[in-house]
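[1] pasting the sequence and the predicted model now:
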Amino acid sequence: MLKAKIYNQKGADAGSIDLPEKIFSAKWNADLVHQVVESIRGNKRAGTADTKGRGEVRGGGKKPWKQKGTGQARHGSTRSPIWVGGGVTHGPLAEKNYKKKINKKMRAGALFSVLSKKMKDGEIIFVDSLEMKDIKTKGAVEVMANLAKATGFKMISTSKKPKILVAISSKNEKTSKSFRNIPSLELSLIQNINPMQVLNYKYLLIENPETAVKFLSSRIDK
């Protein structure tokens with residue numbers, strides 16, 4: 001078992017937690033991560049891009065000019081792909097399906113591989129709670145500043161671009177509304193995080209680590 005430090009909202013030591021090696025010390029599997037991430041990206045594609053062929057565009061029923069005697073190249077329709085306003089050759093069709101099926105074991109394995117890499121690189125922060133008494137962005141900014149000072153991750157509080165993914169254990173209106181105006185982070189339920197989402201951010205902040213680890217452990221060997 002690995003041990004990790006837990007912080008409170010003031011950036012002070014709030015104890016430690018034992019982490020399962022299968023989740024936070026797994027080997028990096030680039031092929032598996034790539035396969036799962038590509039499947040997630042494919043499943044997000046709407047597949048609505050569509051073009052019309054020469055048989056679908058409007059007009060073009062009449063031959064533009066007679067076959068011979070004009071001195072011009074012969075044409076049978078103004079809807080030919082070489083004409084302006086004509087059909088598109090080999091264009092995208094809405095019937096294409098980009099969805100890819102990936103089983104739960106592979107998805108969990110890819111997530112554990114990404115979490116282990118983040119853990120090895122020192123890019124995971126554990127916080128005992130992020131519950132706010134009131135809906136105040138100022139209070140949320142203060143919490144992030146305290147954590148940045150305690151961990152040395154200055155980008156948490158100063159970046160204007162998303163740098164940190166905050167995985168919370170349950171929905172909380174006060175927490176969500178307090179933190180959502182901070183441009184450097186994004187909130188997500190621990191149940192919803194996936195390998196692509198974690199890779200898109202420099203740091204991962206896990207709130208209520210006991211509950212989070214219990215949920216992640218339930219996905220082992222499923």
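    The structure has been received and is ready for your questions. Residues are numbered from 1 along each chain as shown.

[2] these two touch, right, residue 76 and residue 63?
    Yes - assessed by Cβ atoms under 8 Å, residue 76 is found in contact with residue 63 at 5.8 Å. All C-beta spots, glycine's among them, are computed from the backbone N, C-alpha and C.

[3] could you list the domains of this structure?
    2-45+99-217, 48-97 (automatic domain parsing).

[4] out of those, which is the most enclosed?
    domain 2-45+99-217 (a mean of 17; mean count of other Cβ atoms under 10 Å).

[5] let me know the pLDDT of residue 79.
    pLDDT, residue 79: 93.

[6] show me the contacts for it.
    54, 57-60, 85-87 (Cβ atoms under 8 Å, 6 or more residues apart in numbering).

[7] the residue lying closest to residue 160 once chain neighbours are set aside sits in which helix or strand?
    With sequence-adjacent residues excluded and distances taken as Cβ to Cβ, 6 or more residues apart in numbering, residue 160 is closest to residue 183, at 5.2 Å. Per DSSP states H and E, residue 183 falls between elements, in no helix or strand.

[8] got the phi and psi for residue 183?
    When read as degrees, to the nearest 10, the backbone of residue 183 gives phi -70, psi -20.

[9] let me know the distance separating it from residue 163.
    9 Å (Cβ to Cβ, to the nearest Å).

[10] show the average pLDDT along stretch 189-206.
    94.

[11] got the residue ranges for the strands in the chain?
    Using DSSP state E, the strands of the chain run over 2-7, 13-19, 124-127, 164-168, 185-189, 203-207.

[12] show residues contacting the fifth one.
    Contact partners of strand 185-189, identified using Cβ under 8 Å, 6+ apart, comprise 144, 156, 162-171, 175-176, 179-180, 197, 201, 205.

[13] before we move on, back to that, just send the strands of the chain back as TSV, with distance to residue 214 too.
    Output for the strands of the chain, formatted as TSV (distance: least, Cβ to Cβ, whole Å):
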stretch	distance to residue 214
strand 2-7	15
strand 13-19	11
strand 124-127	13
strand 164-168	13
strand 185-189	14
strand 203-207	12
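
[14] right, and these - which one's nearest residue 69?
    Evaluated over the strands of the chain, closeness to residue 69 peaks at strand 185-189, with 68.7 Å, by Cβ to Cβ.

[15] now the closest one: how far from the chain's centre is it?
    How far strand 185-189 lies from its chain's middle: 11 Å, per Cα atoms, centre = their mean, to the nearest Å.

[16] repeat that for stretch 48-60.
    34 Å.
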